[in-house]
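**Q** got a sequence here, can you build the structure:
(2 chains)
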Amino acid sequence: MASNPPFRRVLIANRGEIAVRIARGLRELGIESVAVHSDSDARCAHVMQADHAVPLHGNTAAETYLDVVKILAAAKRSGANAIHPGYGFLSENSTFARAVIDAGFVFIGPRPEAMDRLGGKKAAREEALAVGVPVIPGTEQDHGDASMIEVARKIGMPVMLKASAGGGGRGMRLVERQQDLAEALVAARREAKASFGDDRMILERAVFPARHIEIQILGDMHGHVVSLHERECSVQRRHQKVLEEAPSAVVSEALRQKMGAAATALAQRVGYDNAGTVEFLLDEHGSFHFLEVNTRLQVEHPVTELVTGLDLVHLQVHVAAGGRLEQMLAGKDLRPRGHAIEARICAEAPENGYLPASGLLRLVKEPEGPGIRVDSGVYTGAEVPPWYDSMLSKIIVWAPDRAMACSRLSQALSSTAYLGVPTNVDFLRRVVDDAAFRGARLRTDMLRLRPELAAGPQQGPEALALAAAVLCQAVEPATGGNGGPAAAGARSDSVWRELEGFRLFEGRR
Amino acid sequence: MKISREYLCDGKSVAVSAEWIEGDRWRVRVGDQTWEYHAVALGDGGVWLAPVGQEFDRSFVAYGAPAGKEYMVRVNGRTHTLAPPGPRRGRDAPGADGTIRAPMSGTVLDVHCKSGDTVAADQTLVVLSAMKMEHKLTAGLTGVVQSVAAKKGGTVDQGAVLVVVEPKQTNHE
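**A** This next block holds a predicted model:
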C-alpha cells in the first residue's frame, strides 16, 4: 500500500464504536481524524479517540448527525479533505454524498449514482432481476395502502413490510394476518418517515425458515469488484442482527462462489466503487433470494476482517483515493481462514421486551485474551444518551473452527461487565450456549420462536449474589453503595478511622 | 466497619451485611446465613471473593455497580439486579399496577385511550418513540382509564406517568 497517506485529515460523520474504530484505522494510515458530536456526546469515547472534534449543537439525531449543513460546516471548519460516514445516519444517503462531493470533499463510500441504483429497494430489485439474481415475490411499487394490501392478498401471508429507503431493520415489520396489515402499514410508514424521511414501503412474502447470508463486496474506481465472501447473520431480534459470523456453517465452496458471483455482477453493473454488502435469504432448499444492498460499511464488518486478514476501513480509504484493488490485494489469499463471531452489546433488556435503556455506565469491563477483539464506544463513567441507537460495543472472537469460536465467545461474554444500565450480555451468552446455536441450526425467526432465550432464568438471585453485592460495595469504592464517589470517599475515610494506630509509612519515618 | 443493605429477593426483603474482620477478611450475613470471605478489589472494578478456608476451589471474581436505586452485580457470568424494598421502578413490569409510565425518555407518537375507556390488559394505550424505535405501552391489566397525562407529540422523561388505569374488580378471588 502507498506509504504516503491518501488524505491529510478525515471527518467521521458518526458516533460511538464505529467512529472510534474508523479514527483508529485512520491513525494507522497516518491520517488525522475529526470527530463530530452532539451536546450529550461531548464526552463520548469517539470524541476522545479522534485528533480533533467539532460540536454539532443539539441532541436529536435530526439536529446533529443527520444535519447535512452542520456536518459540511464542520468539515470546512476542521480542514478535512474527506468524510467517512460510518454506518447508519447519513451513510446511505446519496443526497448527502453528492453534497459532500459538491462541497469539494471526498466521500469515503460508493459513487452517489451507485447508491441510487442499489440503495433504494425498488431500483435494487430491478437491478437484481436484470443480472438474473432471484428476488422474493412482492412489490416495490408503492401506490398506497390499498394497493399494498391487494398485493399481499395475491402473494399470501405472512408478508414483510420494509422501508424503501431503509436499512438496519428500522421501519421493517412482519405481518402475519391480513387484518393487521392496514395498522402495520401506518406504523411502518411512520417509523420509516422518522428514520429516513421517506415513508414509501416495499412488500415481500416473508420467507420462513430462512437463513440470512450476506456477501461483503469491495469495488474500486477502475471497474474491479471483489467478493470477500459471506457472513451469516441469522440470529436476529425484530429484524436487528444479534450475532454474526463468518464463514457460514451451511455455505459450501460452490455456493460461496455462486453467491459471490451474483453479488459482484450486481455491483459491477452499477460501477460500485467502495465497500458494500449484498444481502440474501437462503431458504430451506438451499436457494438464495436477493434481499437488499447496504451501500456502506456494515456493523458486522469485523468478522470478515478476522477471517480474511484485511482491514476494510483502510481499503475503503485507499479506494476512495483512487487506489487499485489489484495492487492492494496482489498476492493476498482471500479465502476465509478459521471462524469469527460477533456479538452486539446493546443497552437494552431482552428480559423486558428488549426495552432500550439509557443512563450512566458505572462499570465497564471488556474481555481480553487471544482471539478476542472489542470494538467499543464506551468506558467506565460514560453516559448512554437516550437519543441514538442502543449499541454500546461489539465483542468479536476468532478461532480456528466454529466450535472453538463459540466456546471463546461464551467465555469472553462471561468475563464481560457493563453495569449501571441493563444490557443484553447475559442474553447473548444464553444464545451462544444454546444447543441450536452450537449446532449451527440457525433461522432468522429463531428468537421469535424461542422466547425463553430472551426471558432468561426466572428464579431470583441466590445468596451468593447477595453476598457478592454487599462485598463489592464494601471493598470497591469506585462502584460502591448508593452514593457514588462522595459516599465512597466517606467510606474509605471510615476504613482509616477503623485502622487507627496502623501506620502505613511507619518504616520510612 | 460494617455496611448493611436490604434487597428484595423473590418478593421478600432480605437483610445483607458485610463486617470487616481484619486484612482482607469480612463477615457476610445474608438473612440468617453467615460466611467469612476474603475480598480483594482488583483495580478494574472487579472484586476477588473467596470463602475463608476454601480459597482455592470456591473463589470467583464479582463485578458490582449501582444502577439508580438498584444494585447490579455480576457473578459467574450472570447479572443480578437487586432492588431495595419499596415501590418498584417504572421500567419494571410496566403497567402491572395500572400506572403506565414512560419506560424511557422519548416522544409520544400516539395516545389510544381517553378517560373513562374500558381497556384490556394487552391493549395498546400509548405509542412512544425512543432510541429510534417504537414502543407500544399496554394497559397491563383490565380496567377503566382514570386519567391520561400523555399528549400526542409531547416529550416525556423516563418514569413519567402517562396513563392511570383503575383495575377492574373481579368477582372471583
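
**Q** can you name the residue of the stretch 301-450 of chain A nearest to chain B?
**A** For the stretch 301-450 of chain A, the residue positioned closest to chain B under C-beta to the nearest C-beta is residue A:414, at a distance of 3.1 Å. The way it works is simple: take the backbone N, C-alpha and C, and place the C-beta from them, glycine included.

**Q** so that residue touches residue B:77, yeah?
**A** Yes - counting by C-beta atoms under 8 Å, residue A:414 touches residue B:77, with 3.1 Å between them.

**Q** ok, the residue nearest to residue A:385 when sequence neighbours are not counted - contacts?
**A** Spatial nearest neighbour of residue A:385, excluding adjacent residues (C-beta to C-beta, 6 or more residues apart in numbering or on different chains): residue A:40 at 4.1 Å. Under the criterion of C-beta atoms under 8 Å, 6 or more residues apart in numbering or on different chains, the contact list for residue A:40 reads A:59, A:383, A:385, A:387.

**Q** residue A:363: which of these is nearest?
**A** Nearest to residue A:363 out of the contacts of residue A:40 is residue A:383 (C-beta to C-beta; 13.8 Å).

**Q** domain-wise, how is chain B divided?
**A** The record, using automatic domain parsing to delimit domains, assigns chain B the ranges B:2-82, B:99-167.

**Q** burial check on residue 78, number of neighbours?
**A** If you meant another chain, say so; for now it's chain A. The local packing count at residue A:78 equals 20, with neighbours defined by other C-beta atoms under 10 Å in any protein chain shown.

**Q** hmm, I had chain B in mind actually
**A** Burial measure for residue B:78: 17 neighbouring residues, criterion other C-beta under 10 Å.

**Q** what bridges to it?
**A** Under the criterion DSSP bridges, residue B:78 forms beta bridges with residue B:75.

**Q** can you find the helix or strand of the chain with the lowest average pLDDT?
**A** Using chain A here. For chain A, the helix or strand with the lowest mean confidence is helix A:485-498, at a mean of 40 (criterion: mean pLDDT, DSSP states H and E).

**Q** meant chain B actually
**A** Between all helices and strands in chain B, the lowest mean by mean pLDDT, DSSP H and E belongs to strand B:133-138, at a mean of 79.

**Q** ok, that one: who's next to it in the sheet?
**A** For strand B:133-138, the pairing partners within the sheet under DSSP bridges are strand B:124-130 (antiparallel).

**Q** which other helices and strands does the lengthiest strand in chain B contact?
**A** Selection of the longest strand in chain B by residue count, based on DSSP state E, yields strand B:12-22. Counting contacts by 3 or more C-beta pairs under 8 Å, 6 or more residues apart in numbering or on different chains; DSSP states H and E, strand B:12-22 is packed against helix A:463-475, strand B:2-9, strand B:25-30.

**Q** of the ones you listed, flag the one that's most buried.
**A** A comparison of those by mean neighbour count, using mean count of other C-beta atoms under 10 Å in any protein chain shown, puts helix A:463-475 on top with a mean of 25.

**Q** and the residue of the stretch 51-200 of chain A nearest chain B?
**A** The stretch 51-200 of chain A approaches chain B most closely through residue A:191 (5.6 Å), counting by C-beta to the nearest C-beta.

**Q** how about that residue, secondary structure?
**A** Following DSSP: H, G, I helix; E, B strand; the rest coil, residue A:191 is assigned to helix.

**Q** wait, it sits on residue B:134?
**A** Yes - in terms of C-beta under 8 Å, residue A:191 counts as a neighbour of residue B:134; the distance is 5.6 Å.

**Q** okay, the two: which has more neighbours?
**A** Neighbours around residue A:191 and residue B:134, counted as other C-beta under 10 Å, are more numerous at residue A:191. The numbers are 23 against 19.

**Q** got the domains of chain B as TSV, with distance to residue A:270 columns?
**A** Conversion of these to TSV gives the following (distance: least, C-beta to C-beta, whole Å):
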stretch	distance to residue A:270
domain B:2-82	46
domain B:99-167	29
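
**Q** so what touches the longest strand of chain B?
**A** Taking contacts as C-beta under 8 Å, 6+ apart, the residues outside strand B:12-22 that touch it are A:466-467, A:469-471, A:473-474, A:495, A:498, B:1-8, B:26-31, B:36, B:39, B:85.

**Q** for it, buried residues please.
**A** By neighbour count, and taking 16 or more other C-beta atoms under 10 Å in any protein chain shown as the criterion, the buried residues in strand B:12-22 are B:14, B:16, B:17, B:18, B:19, B:20.

**Q** the residue of the stretch 301-450 of chain A closest to chain B and residue A:428: what is the separation?
**A** In this structure, residue A:414 and residue A:428 are 10 Å apart, going by C-beta to C-beta, to the nearest Å.

**Q** quick one: which of the two has more around it?
**A** It is residue A:428, of residue A:414 and residue A:428, that has more neighbours when counted by other C-beta under 10 Å, with 25 against 18.

**Q** what kind of secondary structure is that one in?
**A** Reducing the assignment to helix, strand or coil with three-state DSSP, the entry for residue A:428 is helix.

**Q** look at it and report its pLDDT.
**A** We have a pLDDT of 98 for residue A:428.

**Q** wait, what's in contact with it?
**A** Contact partners of residue A:428, counting by C-beta under 8 Å, 6+ apart, are A:242, A:243, A:343, A:344, A:345, A:413.

**Q** one step back: how much space between the residue nearest to residue A:385 and chain B?
**A** According to C-beta to the nearest C-beta, to the nearest Å, residue A:40 and chain B sit 11 Å apart.

**Q** the closest residue to residue A:338 other than its chain neighbours: neighbouring residues, count only.
**A** With C-beta to C-beta, 6+ apart as the criterion, residue A:338 has its nearest non-adjacent residue at 5.0 Å, and that residue is residue A:400. The tally of other residues near residue A:400 (other C-beta under 10 Å) stands at 11.
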